[in-house]
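> heads up, no residue letters with this:
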């Protein structure tokens, strides 16, 4: 019976990746190799900062003016509607 249970359990449950195949274990593998999981990765940090600056500049130049324009148009429409309602009284 235990042989049948072993066969069933191996079919029902997927095999878990080993420690080296699991991406969540990368920091711990690095610490086993002599590094620390809290080491700063300068390439990743620099790339992140550059991408953020590019995104910020593009958003400030193209997206933000469109948002402000839409808000100003909405504000003007509301003011016009309020003035029309006051005149209709």
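It's in. Just so we're clear, the structure is a prediction, and the values are computed from it rather than from any experiment.
> can you list the domain ranges for this protein.
By the assignment in automatic domain parsing, the chain contains the domains 1-39, 40-89.
> weakest of these in terms of mean pLDDT?
Of all the domains of the chain, the minimum mean pLDDT falls on domain 1-39 (a mean of 61).
> Residue 74 - how many residues pack around it?
Residues contacting residue 74 under the criterion other CB atoms under 10 Å number 10. To be clear about C-beta, it is placed using only N, CA and C from the backbone, and glycine gets the same treatment.
> what residues are up against it?
Contact analysis of residue 74 by CB atoms under 8 Å, 6 or more residues apart in numbering lists nothing.
> the helices in the protein, which residues?
For the chain, applying DSSP state H gives helices covering 2-12, 26-32, 42-58, 64-88.
> Quickly compare those helices and say which is most buried.
Stretch with highest mean neighbour count among these: helix 26-32 (a mean of 12; mean count of other CB atoms under 10 Å).
> State the number of residues packed around residue 25.
Residue 25: 14 neighbours (other CB under 10 Å).
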